[in-house]
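Undergrad: One predicted model, sequence on top.
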Amino acid sequence: MSSLNLLVALLLVVVTIQTALALAYLAHRHPGAIQPLALAVAGTAVMVAVVMPIAAR
């Protein structure tokens, strides 16, 4: 892999982790809506499902 590909993959990992943490924080602020961990895992799964086909090219 080239350096650019590795950098893009690293940035995607960072954005995915930030999204998961943001979803967990929002769910923590409104606990009646959904369990925080379930929302974070679901959000991460969606991001991985969207990003993996792009990263696999």
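TA: Structure received.
Undergrad: ok, the most centrally placed residue in the chain - contacts?
TA: The centroid of the chain falls nearest to residue 16 when counting by CA atoms, centre = their mean (2.6 Å). For residue 16, the contact set (CB atoms under 8 Å, 6 or more residues apart in numbering) comprises 44, 47-48, 51. The C-beta positions use only the backbone N, C-alpha and C, and glycine is treated the same way.
Undergrad: next one: residue 55
TA: 8-9, 12.
Undergrad: Any of the residues you listed buried? List them.
TA: residue 12 (16 or more other CB atoms under 10 Å).
Undergrad: sorry, back to before: please flag which of the contacts of residue 16 sit within helices.
TA: The helices, defined by DSSP state H, take in 44, 47-48, 51 from the contacts of residue 16.
Undergrad: Make a ChimeraX selection of the buried ones in the residues you listed.
TA: Selecting only the buried entries of the ones in helices among the contacts of residue 16 in ChimeraX, with 16+ other CB under 10 Å as the criterion:
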select :44,47,51
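Undergrad: how about the helices in the protein?
TA: Shown for the chain, the helices assigned by DSSP H span residues 3-29, 36-55.
Undergrad: got these as JSON lines, with mean pLDDT columns?
TA: Output for the helices of the chain, formatted as JSON lines (pLDDT from 0 to 100):
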{"stretch": "helix 3-29", "mean pLDDT": "82"}
{"stretch": "helix 36-55", "mean pLDDT": "78"}
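Undergrad: Just give me the closest of the contacts of residue 55 to residue 20.
TA: residue 12 (12.6 Å; CB to CB).
Undergrad: My read is that that closest one contacts residue 51, right?
TA: Yes - the pair residue 12 / residue 51 is scored as a contact, 5.3 Å apart, by CB atoms under 8 Å.
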